[in-house]
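Asker: Below are the sequence and a predicted model; questions follow.
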2 protein chains.
Amino acid sequence: MIVTVTLNPALDLTYTVDALVPHATHRVQRVAERAGGKGLNVAAVLHALGEPVLAAGLLGGATGAAVRAKVDTPHSFTPIGAETRRTVTVVDDIDATGLWEPGPVVTGEEWAAFQEHYLGLVKDAEVIVLSGSLPQGLPDDAYAVLIRLARRHHCRSVLDTSGAALGRGAAAGPDVVKPNAKELAALQSPTTAAVVESHGPDGLIARTPQGSWRAAPPEVVTGNPTGAGDACAAALARGLRDGTPWPELLADAVALAAAAVKAPVAGEIDINHYRATRERVHVQPHR
Amino acid sequence: MIVTVTLNPALDLTYTVDALVPHATHRVQRVAERAGGKGLNVAAVLHALGEPVLAAGLLGGATGAAVRAKVDTPHSFTPIGAETRRTVTVVDDIDATGLWEPGPVVTGEEWAAFQEHYLGLVKDAEVIVLSGSLPQGLPDDAYAVLIRLARRHHCRSVLDTSGAALGRGAAAGPDVVKPNAKELAALQSPTTAAVVESHGPDGLIARTPQGSWRAAPPEVVTGNPTGAGDACAAALARGLRDGTPWPELLADAVALAAAAVKAPVAGEIDINHYRATRERVHVQPHR
């Protein structure tokens, strides 16, 4: 089983309007509501592929309940007292405007309760995927703590976050870190086994103990890039679980990311596009 | 008892940001969340004044549950299947930007269930207050139906709405209609007993079978005008219940509206300002 961890999920609201005009009142034409959070997207992709997966994380309040109701994958969340955050994305004819709520403050007791629950999960898991930002109240080394707990139980780990959480987490030695190129530059000599850098539409570069490779999609895919990185993380987790050789694993990750771009909603994949692309990804050794 | 009816309530979210910039991403500094809806404000003002009041209306889904949890007055809502709407107001250093969700579509069965529940309430009520917009799915004559049901049970009515709902409702002969001056112009010869026009900071003009009066506050009050009209409706309902003479009732309505402007949040009043203003409102006969 693969367990995904989403410590700072959100209720993602997308509002469609004609044109966003500051200081005017807008009648929203269409409201889309979904469970947001990188770990939830990873779980949704694995679930769509038929892989056994469990989504864990923190949820609180009425907004937390609304998120839970929208998670289609098997899940086991830990309750917190504060309200889970919302994100509002206002889409008009030109582009999207984002409004991100600050989110809950997690208490030390809630963090301890999560760790205890997590310990029960990693005993049955082969791989954990730690994705996204940390909520307020959690220490910067929260992912480092979870990576070490997993390793004690022979559970492998994929880390996909940014900033201080990435720096501290990478130092704890996860099996794979998946930063983007910009975040990688800030990362000081990770002790991690493998670093898989995402380069957006240009694909991936992986530096591993077995060698370095570059994997690029056969053609440029246009669509919704949100969630492409999470589809890539899903492929990395599955490959890690199965011991898939890196070139094959990277081709799979690039194809899944492209299939996520083709799907209109983050956390979904165009399965036909995935199947048609997987054999055509260019993988070559990297200097 | 006074019963307020809110057929299209909302979860009102207020986001504070530095400056709203279209097509940028904003970290929201502060989130305020409240139960929105004109009838809920009327009920809150009456409750704050110690008057027996019950808030009725329609609520649905997780957002409806969040609204219910935030209503401090006695209430008895009728459930609907669709989600209650949200409104998002983004406040920056310059002004507010509004985003209004379209809201639920109410079915004929739900409307019938509400009417049956309402019939039970009007039997015990002296006055009903019908406030705000109608949700999708309800006929334009929805308030007219409720006004006639109330009258059959010797329950008096105050109508505060706009557009077609106001036109159809006013034709059913409520005891008081409270349009603003602009809406009044569109209203064709209402059969209503009394029309109380709001003129914002200039006060009220009332045309009643007992005479016409103009009531003006003793000084200009600056603050939050949202909810001032609802405080006025609360005063009208109380005066109607008690048979208060019009000049005294109008002074009370103007003072309560001013006390609502002084309070930072719609549905709240500055009780000290109310007490200090009530005796000083200028009421004079109007041509």
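Answerer: Here it is on my side, so go on.

Asker: Could you list every helix and strand in contact with the helix ranked longest in chain A?
Answerer: Longest helix in chain A by number of residues (criterion: DSSP state H): helix A:246-262. In terms of contacts (3 or more C-beta pairs under 8 Å, 6 or more residues apart in numbering or on different chains; DSSP states H and E), helix A:246-262 is packed against strand A:194-198, strand A:204-208, strand A:211-216, helix A:228-242, helix A:271-278, strand A:282-285. Any C-beta I mention is one placed from the backbone N, CA and C, and that applies to glycine too.

Asker: possible to save these as TSV with mean pLDDT?
Answerer: Formatted as TSV, these follow (pLDDT from 0 to 100):
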stretch	mean pLDDT
strand A:194-198	93
strand A:204-208	95
strand A:211-216	96
helix A:228-242	97
helix A:271-278	95
strand A:282-285	96
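
Asker: what's the helix or strand for residue A:97?
Answerer: strand A:96-100 (DSSP states H and E).

Asker: wait, does that strand contact chain B?
Answerer: Yes: using C-beta under 8 Å from any C-beta of the partner chain, strand A:96-100 comes into contact with chain B via A:96-100.

Asker: Name the spans of chain A whose pLDDT lies under the cut-off.
Answerer: A:188-191 (pLDDT under 70).

Asker: now the helices for it?
Answerer: Assigned helices in chain A, in chain order: A:38-48, A:61-69, A:108-122, A:142-152, A:163-171, A:181-186, A:228-242, A:246-262, A:271-278 (criterion: DSSP H).

Asker: Tell me which of these is the most buried.
Answerer: helix A:38-48 (a mean of 28; mean count of other C-beta atoms under 10 Å in any protein chain shown).

Asker: Please tell me how far the residue positioned nearest the centre of chain A sits from chain B.
Answerer: Central residue of chain A (C-alpha atoms, centre = their mean): residue A:38, 3.2 Å from the mean position. Look at residue A:38 and chain B: by C-beta to the nearest C-beta, to the nearest Å, they are 16 Å apart.

Asker: contacting residues for that residue?
Answerer: Contacts for residue A:38 (C-beta atoms under 8 Å, 6 or more residues apart in numbering or on different chains) come out as A:6, A:131-132, A:160, A:229-230, A:233.

Asker: ok, now how distant is the nearest residue to residue A:40 once chain neighbours are set aside from chain B?
Answerer: Leaving aside its sequence neighbours, residue A:40 sits nearest to residue A:6 (C-beta to C-beta, 6 or more residues apart in numbering or on different chains; 5.3 Å). Using C-beta to the nearest C-beta, residue A:6 is found at 19 Å from chain B.

Asker: and what of residue A:174?
Answerer: Taking C-beta to the nearest C-beta, one finds residue A:174 at 27 Å from chain B.

Asker: need the residues of chain A near chain B, please.
Answerer: Contact residues (C-beta under 8 Å from any C-beta) of chain A with chain B: A:13, A:15, A:17, A:20-31, A:62-63, A:65-66, A:69, A:86, A:88, A:90, A:92, A:94-102.

Asker: Show me just the buried residues among these.
Answerer: A:13, A:15, A:17, A:20, A:26, A:28, A:31, A:62-63, A:65-66, A:86, A:88, A:90, A:92, A:96-97, A:99-101 (16 or more other C-beta atoms under 10 Å in any protein chain shown).

Asker: for the residue in the stretch 151-287 of chain A that chain B sits nearest to, phi and psi?
Answerer: Residue nearest to chain B within the stretch 151-287 of chain A: residue A:226 (12.2 Å; C-beta to the nearest C-beta). In terms of degrees, to the nearest 10, the main-chain angles of residue A:226 are phi -60, psi 130.

Asker: which residues touch the closest residue to it other than its chain neighbours?
Answerer: Among residues not flanking residue A:226 along the chain, residue A:266 sits closest, at 4.3 Å (C-beta to C-beta, 6+ apart). Neighbour list for residue A:266: A:34, A:36, A:41, A:224, A:226-227, A:230, A:260 [criterion: C-beta under 8 Å, 6+ apart].

Asker: mind running it again at 7 Å?
Answerer: A:41, A:224, A:226-227 (C-beta atoms under 7 Å, 6 or more residues apart in numbering or on different chains).

Asker: again, but for residue A:218
Answerer: So residue A:218 contacts A:277, A:280-282 (C-beta under 7 Å, 6+ apart).

Asker: Now tell me what touches stretch A:62-74 from outside.
Answerer: Contacts of stretch A:62-74 (C-beta under 7 Å, 6+ apart): A:9, A:11, A:34-35, A:40, A:43-44, A:47, A:53-55, A:59, A:77, A:83-84, A:86, B:62, B:65-66, B:69.

Asker: Over to the closest residue to residue A:147 other than its chain neighbours: give its phi and psi.
Answerer: Nearest non-adjacent residue to residue A:147, counting by C-beta to C-beta, 6+ apart: residue A:172, 4.3 Å away. Backbone torsions for residue A:172, taken as degrees, to the nearest 10, come to phi -80, psi 0.

Asker: Give the burial count for residue A:172, as a bare number.
Answerer: Around residue A:172 sit 21 other residues, with neighbours defined as other C-beta atoms under 10 Å in any protein chain shown.

Asker: Please tell me I have it right and it contacts residue A:146.
Answerer: No: Residue A:172 is not in contact with residue A:146 according to C-beta atoms under 7 Å; the separation is 8.5 Å.

Asker: picking up where we left off before, how far does the strand holding residue A:97 sit from its chain's centre?
Answerer: From the chain centre to the centre of strand A:96-100 is a distance of 19 Å (C-alpha atoms, centre = their mean, to the nearest Å).

Asker: Equivalent analysis for stretch A:278-287, please.
Answerer: 23 Å.

Asker: got a list of contacts for it?
Answerer: Taking C-beta under 7 Å, 6+ apart as the rule, stretch A:278-287 contacts A:205, A:211-218, A:247, A:250-252, A:254-255.

Asker: Quickly check those for the two that are furthest apart.
Answerer: Maximum pairwise distance among the contacts of stretch A:278-287 (C-beta to C-beta): 21.9 Å, between A:211 and A:218.

Asker: Tell me, how many residues neighbour the nearest residue to residue A:101 once chain neighbours are set aside?
Answerer: Using C-beta to C-beta, 6+ apart and skipping the chain neighbours, the partner closest in space to residue A:101 is residue A:85 (4.1 Å). Close neighbours of residue A:85, defined as other C-beta under 10 Å, add up to 26.

Asker: what do you get for the one 4 residues further on?
Answerer: Applying other C-beta under 10 Å, we find 18 residues neighbouring residue A:89.

Asker: What of residue A:243?
Answerer: Residue A:243, neighbours per other C-beta under 10 Å, totals 7.

Asker: Residue A:93 and chain B, how far apart?
Answerer: 11 Å.

Asker: so who does residue A:131 touch?
Answerer: A:4-6, A:38-39, A:42, A:160-161, A:230, A:233.

Asker: Name whatever forms a beta bridge with it.
Answerer: Taking DSSP bridges as the rule, residue A:131 bridges to residue A:160.

Asker: Export only the CA atoms of the longest helix of chain A, formatted as CSV.
Answerer: Coordinates of each C-alpha in helix A:246-262 appear next as CSV, following Å, rounded to 0.1, in the frame of the first residue of the first chain:
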residue,chain,number,x,y,z
TRP,A,246,14.9,4.3,-13.3
PRO,A,247,14.6,4.8,-17.0
GLU,A,248,11.3,2.9,-17.1
LEU,A,249,10.1,4.7,-14.0
LEU,A,250,10.9,8.1,-15.4
ALA,A,251,9.1,7.4,-18.6
ASP,A,252,6.1,6.5,-16.6
ALA,A,253,6.3,9.6,-14.5
VAL,A,254,6.6,11.9,-17.6
ALA,A,255,3.6,10.1,-19.3
LEU,A,256,1.5,10.4,-16.2
ALA,A,257,2.3,14.1,-15.8
ALA,A,258,1.3,14.7,-19.4
ALA,A,259,-1.9,12.7,-18.9
ALA,A,260,-2.7,15.0,-15.9
VAL,A,261,-2.1,18.1,-18.0
LYS,A,262,-4.6,16.7,-20.5
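
Asker: quick one: it to helix A:38-48, angle?
Answerer: 100 degrees (axes from the mean of the first three to the mean of the last three C-alpha atoms, to 10 degrees).
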